[in-house]
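> Quick one: sequence plus predicted model below, questions after.
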Amino acid sequence: MNKTTALALSLAAISSVVVVEGIGGLLTNSLALLSDALHALFDTLATLTLLAATYISLKPPDETHTYGHGKIESIGGFVGGLLLFALGINIVFSASNRLIEGTHAVEASLVGFLAILYTLSVDVFRIFVLHTSLKVGESATVRVDLFHAFSDLSSTLIALAGLFSASINFGVGDTIAALVLCSLIFYLSLKTIYRTGLELSDAIPPSLFNKVKTVFQTHPKVEKFSNLKMRRVGDKVFVEVEVTIPQDLSIRDADILVEDLQKRVQDTVGKSELSVKLKPSLSRLTPIQRIHLASGKVEGVKGVHKVALTNVSGTLHITLHIEVDPNLSSEKAHKIAEEFERVFSEEIGEVGSVTLHIEPAKEQNTAFEVKDSKLIEGIRDIIITNSSVKEVKMIRIYSDEKNRYATIRCTLKDNPTVEEAHNLATELEKKISEAYRNLNVTLQIEAEEQ
């Protein structure tokens, strides 16, 4: 039995209890029976919400609900909890008036006991249906409704005790049973309001946050992590995190790391979606890599190239070119250069001299693709002569008014490190540029599929 069928049967069954117990409570004047009917009403609303959420959860995310539609379940639960609490207060006032006035005119007739017997049968039926569905496949909504069914069974037994006490001329027992049931109703309503309120405000329980935090803290290839963010949407938890990994980790190993983190998070919190931003370890970055990293931190720097480092008697001297907006004044350009020098000096540490060459950033070129099969084959021949190359996946040639450009994608054998792949890409770019002097070459290395 699938989960939607199980929830639909549960909804139909519990809805009938509201009618049967409501009529029975009115005919016998039993607050305990009316309270149990109220409890059944809450379960009807809850089951309806769970059923609707199950259908809506099948709808994929769209432009207006990029995280999916799970929040609808939380809104329904929040409103249902408020309604249940308000109705529970009304029962408490009625019970209090009976206690004050000393009137407990409850008619313990056959109608009341038949209503209770019917409700007990429905509770057992719902437990059987929902439990059978869980044997077919796990479902958070079905499991929650199963808990509600067990709660209904308990409350019905309490109502039976109240009606029985009235049958032995202990009328106050019905009122006491009603108050006991109301305490259960208040507990369920406040718990629902609190839980759904947290979900609507994107709050995550500290215990859950700490469990996910431990996943990243204990992973052997995660040097450190930051900006861990979590939010729950329906029965799904979304996790975002920035992870620092060893710089020499290969592309393939980085993919495996992300897959392993996703599995560990899923094992910890259940249904989830993990978004990981990988960052190389700063402790292992070369000075040139640190300079390029610093360029992204300074507003106004469009690019950095021709970086040269010279070590003179243990002192590092740096020369480099930075690109800025060609329309800037010289004064503003020099201020950008000074800020850039300050930032990368913090990244690298103490240096001797720094020589910055400021030049205008090149505007984006408009180009068109060139179908030059002879050139493409020539480039391919240069690449495949290298024994480390497994496959050339794509070669495209573009041209503008002044230059031609080649973009290339290939895979390497033996899953090299990022540094080894970069060195090989640089070597191949150089060979192609030497063979075709007017060609600007960009070569992208991809991980070998395992």
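That came through fine.

> From here on, just use CA atoms for contacts and neighbour counts.
Noted.

> just the strands in this structure please.
224-233, 236-245, 272-280, 303-312, 315-324, 354-360, 368-370, 389-399, 404-412, 439-446 (DSSP state E).

> mind putting those in TSV, mean pLDDT included?
Formatted as TSV, these follow (pLDDT from 0 to 100):
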stretch	mean pLDDT
strand 224-233	85
strand 236-245	86
strand 272-280	85
strand 303-312	81
strand 315-324	84
strand 354-360	84
strand 368-370	80
strand 389-399	88
strand 404-412	87
strand 439-446	82
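
> just so I know, which of the ones you listed lies nearest Leu9?
With C-alpha to C-alpha as the criterion, Leu9 lies closest to strand 236-245 of the strands of the chain, at 24.8 Å.

> Show me what counts as buried in stretch 221-230.
Of the residues in stretch 221-230, Lys221, Val222, Lys224, Phe225, Met230 count as buried by neighbour count, 16 or more other C-alpha atoms under 10 Å.

> For Leu9, see how far away Phe125 is.
9 Å (C-alpha to C-alpha, to the nearest Å).

> which residues do those two both contact?
Between them, Phe125 and Leu9 share no contacting residue under C-alpha atoms under 8 Å, 6 or more residues apart in numbering.

> Over stretch 116-134, what's the mean pLDDT, rounded is fine.
Per-residue pLDDT values over stretch 116-134 give a mean of 83.

> tell me the domain boundaries of this structure?
Here the domain parsing of the chain from automatic domain parsing is 3-200, 206-283, 287-360, 368-446.

> Name the stretch from these where average model confidence is lowest.
Mean pLDDT is lowest for domain 3-200 out of the domains of the chain, coming in at a mean of 71.

> Can you give me the first-to-last residue distance of it?
Length of domain 3-200, first residue to last, C-alpha to C-alpha: 25 Å.

> contacting residues for Ala421?
Leu412, Ile445.

> Now do it against Arg252, distance only.
Distance of Ala421 to Arg252, computed by C-alpha to C-alpha: 12 Å.

> As CSV, the buried residues of stretch 221-230 with distance to Thr244 would be great.
Shown next, in CSV, are the buried residues of stretch 221-230 (distance: C-alpha to C-alpha, whole Å):
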residue, distance to Thr244
Lys221, 9
Val222, 6
Lys224, 5
Phe225, 6
Met230, 18
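
> Show me which of the residues you listed is closest to Tyr55.
Nearest to Tyr55 out of the buried residues of stretch 221-230 is Met230 (C-alpha to C-alpha; 24.4 Å).

> Give me the nearest residue to that closest one, chain neighbours excluded.
Counting by C-alpha to C-alpha, 6 or more residues apart in numbering, Met230 lies nearest to Val239, which is 4.6 Å off, once chain neighbours are set aside.

> Could you measure from the residue positioned nearest the centre of the chain over to Gly197?
The centre of the chain sits closest to Phe238, judged by C-alpha atoms, centre = their mean, with a distance of 1.0 Å. Distance, Phe238 to Gly197, by C-alpha to C-alpha: 17 Å.

> Repeat that for Glu346.
Applying C-alpha to C-alpha, one obtains 45 Å for the distance of Glu346 from Gly197.

> Name the residue in those two with the higher neighbour count.
Taking other C-alpha atoms under 10 Å, Glu346 and Gly197 do not tie; Gly197 has more neighbours (16 against 13).

> thought that one was touching Phe78?
Yes: counting by C-alpha atoms under 8 Å, Gly197 touches Phe78, with 6.7 Å between them.

> tell me, how many neighbours does Gly352 end up with?
Counted with other C-alpha under 10 Å, Gly352 comes out at 12.

> Then the one 10 residues further on?
The criterion is other C-alpha under 10 Å. On that basis, Lys362 has 12 neighbouring residues.

> Surely Val392 and Cys410 touch.
Yes: Val392 is within contact range of Cys410, at 4.3 Å (criterion: C-alpha under 8 Å).

> Just want to know which of the two has more residues nearby.
Cys410 (20 against 17).

> Could you pull up the residues touching that one?
Here Cys410 is in contact with Val389, Lys390, Glu391, Val392, Lys393, Met394, Leu443, Gln444, Ile445, Glu446 (C-alpha under 8 Å, 6+ apart).
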